[in-house]
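Colleague: What shape does this take:
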Amino acid sequence: IRNPWCAALLLDLHSRPPLRKQAGQASAPRILLGDRFGAACDASLVGRAMRVLDDFSCSSGHNRPYSGGYVLDRHASTRRGLHAMQIEVCRSAYLDEQLDKTSAGVKPMATMLSALVRELCAEVARLGGEDQFDQAAL
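Modeller: Residues are numbered from 1 along each chain as shown. Coordinates of the predicted model:
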């Protein structure tokens, strides 16, 4: 199914517990991107994702403490145009203090994630050759 588009992107999107702020960080990251240290997707995809997160003033991290795991190892093959990225969302960004009910942050998070997915689709289309690519889904 990938061949008609020349490139594909798998997003492994899930939540994670809050992290502690590390030395030198203004705040703990709300979003963590993992690409198996460049092995699972083209650097332009991570760069574009980081720019979107910056545009939303969202604190983010890359590969630390989580770089991605089985899903990325199993499915990514950048030489074949199959890119994979892990996106971990801090639960405190959209849940209450007890982390059991949605908070006012759920709608802004959904808006940001939607924008992120749209931008990543555009970038993978560029990687696949825009002239040949019809976006399968947005």
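
Colleague: And stretch 51-64, what's buried?
Modeller: 52-53, 56, 58-63 (16 or more other CB atoms under 10 Å). Where you see a C-beta, it was placed from the backbone N, CA and C, and this is true even at glycine.

Colleague: from the residues you listed, which ones fall inside helices?
Modeller: 52-53 (DSSP state H).

Colleague: Kindly state the pLDDT recorded for residue 133?
Modeller: Residue 133 carries a pLDDT value of 41.

Colleague: swap in the one 3 residues further on?
Modeller: In this model, residue 136 is scored at 49, pLDDT.

Colleague: ok, now residue 128?
Modeller: Value listed for residue 128 in the pLDDT field: 85.

Colleague: Kindly report the same for residue 25.
Modeller: pLDDT, residue 25: 72.

Colleague: Name the nearest residue to it, sequence neighbours excluded.
Modeller: residue 59 (7.6 Å; CB to CB, 6 or more residues apart in numbering).

Colleague: Please name the bridge partners of the residue most central in space within the chain.
Modeller: Nearest to the geometric centre of the chain sits residue 87, at 3.8 Å (CA atoms, centre = their mean). Taking DSSP bridges, one finds residue 13, residue 33 as the beta-bridge partners of residue 87.

Colleague: distance of it from residue 33?
Modeller: 6 Å (CB to CB, to the nearest Å).

Colleague: For the two, list the residues in contact with both.
Modeller: residue 49 (CB atoms under 8 Å, 6 or more residues apart in numbering).

Colleague: just to revisit the earlier point, might one say that the residue nearest to residue 25 is in contact with residue 22?
Modeller: No: the criterion here is CB atoms under 8 Å, and residue 59 misses it with residue 22 at 11.2 Å.
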